[in-house]
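Peer 1: got a predicted model here, sequence first, then my questions.
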Amino acid sequence: NYLTATGFANVLTIEDASGNVVKASFLKDLVVLQVAPRDGCFNKTFGLSGNNNGDSSDDLRVEGTGEVLPGNSSSAEIFEKFVRSQLITEEAASLFPAEDFVPVSSGDDAFTPIFADQLDVSSCPAACGGVPACCLDASQGGEELVEAFTVATKDIEETNHEAVGFFDNLRPAFDEAPGLFVYSGQDSQNIKLKFVATDVDGITTLSCDICPDVDTDYADAHNVTCDLSGLGTNSSVMAIKAKSLEYGSFSCFCEDSLGANSTSVTIVVKEDKTTSAEAWEEDVVVRPLSSPRSESPSDTREKKTKTRTTTMTTTIRGKASTSLAVLAAPTPSPLLWCYLLLLLTAVSFALAT
């Protein structure tokens, strides 16, 4: 087991080997924590964050009695019944050292919070837009907390936009799709490319924009043929043969039986005469560009099986998003090595601070 920490700007993301993720955004006056449990934790969590079953109506379950408070309950009722029932009353259950543990009984009135829905919002800053939680922050911390609240809310909304529900349909994945093809430019080559799309709901469409059924003129000019097999099954294959290709890029598209789709992009580049195609292939590193943790090629292949990600697709809590993966690269120049070292230094500094 291990933990992987990645840092970018003011955001620190920590992931364990099972796929549980904690994301911390460090703002000037606020720290925003977001937690993404692995799929195996579905309907198994409890406490202030709910039970992780995709149904927010039963999250306010009172510990001990099992009573479920309605989502429109007042803040005072939620605090008195739900929050207080989650209090840690024994030192053994606390994550803090003994000298920092402060015992609190469920009926202790030593602390009573200010409730947002009881706040007079008449003097709330316009930047809050009348949102009670923002007005509460403004009353306690002024404009700086309002700014922090706005940034944090946007960050959470962006994360939720990328996430999908446990029962939502995932996009199909390209298990095989060349991200880069090195082409000498000579005509009458026996070019062969293979694209494999997979999905548990079955692949209903697989096409590439250089194939005859999509672009007849291109296919005729470059003698392109496309052999498609496996439609309607969990794995469909597109085998492309061509005598030549144009420099640039082309894309392939796949769709599953429920309408979810993915796109892969292949870049066609001219062969560097100082570096053979074989030397390029020796430098291949197959992994998603935005992989949440460093993985060996074998780890990546295993992850593709488990989470339906590919070298062209990354996953955020189960939702795939298209990205470009470079499958081959020439030997880095000294200048590039310097750039990489500066980048690593910056990342290390971000993590340290």
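Peer 2: Great, that's in hand.

Peer 1: give the bridge partners for C252, please.
Peer 2: Beta bridges link C252 to C208, S264, judged by DSSP bridges.

Peer 1: tabulate the CA atom coordinates of the helix or strand where V151 lies in PDB.
Peer 2: Assigned by DSSP states H and E, V151 falls within helix 143-162. In PDB, the C-alpha atoms belonging to helix 143-162 read as follows (Å, rounded to 0.1, in the frame of the first residue of the first chain):
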ATOM      1  CA  GLU A 143     -14.500  40.500   2.000                       C
ATOM      2  CA  GLU A 144     -11.500  38.200   2.100                       C
ATOM      3  CA  LEU A 145     -13.700  35.300   3.200                       C
ATOM      4  CA  VAL A 146     -16.200  36.200   0.500                       C
ATOM      5  CA  GLU A 147     -13.500  36.000  -2.100                       C
ATOM      6  CA  ALA A 148     -12.400  32.600  -0.700                       C
ATOM      7  CA  PHE A 149     -15.900  31.300  -0.600                       C
ATOM      8  CA  THR A 150     -16.500  32.300  -4.300                       C
ATOM      9  CA  VAL A 151     -13.200  30.600  -5.400                       C
ATOM     10  CA  ALA A 152     -14.000  27.500  -3.300                       C
ATOM     11  CA  THR A 153     -17.500  27.200  -4.700                       C
ATOM     12  CA  LYS A 154     -16.300  27.400  -8.300                       C
ATOM     13  CA  ASP A 155     -13.700  24.700  -7.500                       C
ATOM     14  CA  ILE A 156     -16.300  22.400  -6.100                       C
ATOM     15  CA  GLU A 157     -18.700  23.000  -9.000                       C
ATOM     16  CA  GLU A 158     -15.900  22.100 -11.500                       C
ATOM     17  CA  THR A 159     -15.100  18.900  -9.700                       C
ATOM     18  CA  ASN A 160     -18.800  17.900  -9.500                       C
ATOM     19  CA  HIS A 161     -19.200  18.700 -13.200                       C
ATOM     20  CA  GLU A 162     -16.400  16.200 -14.000                       C
END
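
Peer 1: tell me the mean pLDDT for it?
Peer 2: For helix 143-162, mean pLDDT rounds to 86.

Peer 1: what residues does it touch?
Peer 2: 23, 25, 27-30, 32, 34, 125, 127-128, 133-134, 137-138, 141, 316-317, 319, 321 (Cβ atoms under 8 Å, 6 or more residues apart in numbering). Bear in mind the C-beta positions are built from the backbone N, C-alpha and C, glycine included.

Peer 1: with stretch 119-130 instead?
Peer 2: P132, C134, C135, L136, A138, S139, E143, V146, E147, F149, T150.

Peer 1: just the buried ones from those?
Peer 2: Among the contacts of stretch 119-130, the ones that count as buried by 16 or more other Cβ atoms under 10 Å are P132, C134, C135, L136, A138, S139, V146, E147, F149, T150.

Peer 1: among those residues, which one sits closest to S264?
Peer 2: For these, the closest approach to S264 (Cβ to Cβ) belongs to T150, at 37.0 Å.

Peer 1: identify the residues contacting K194.
Peer 2: Going by Cβ under 8 Å, 6+ apart, K194 touches E176, P178, V237, M238, A239, I240.

Peer 1: Three-state assignment for it, please.
Peer 2: strand (DSSP: H, G, I helix; E, B strand; the rest coil).
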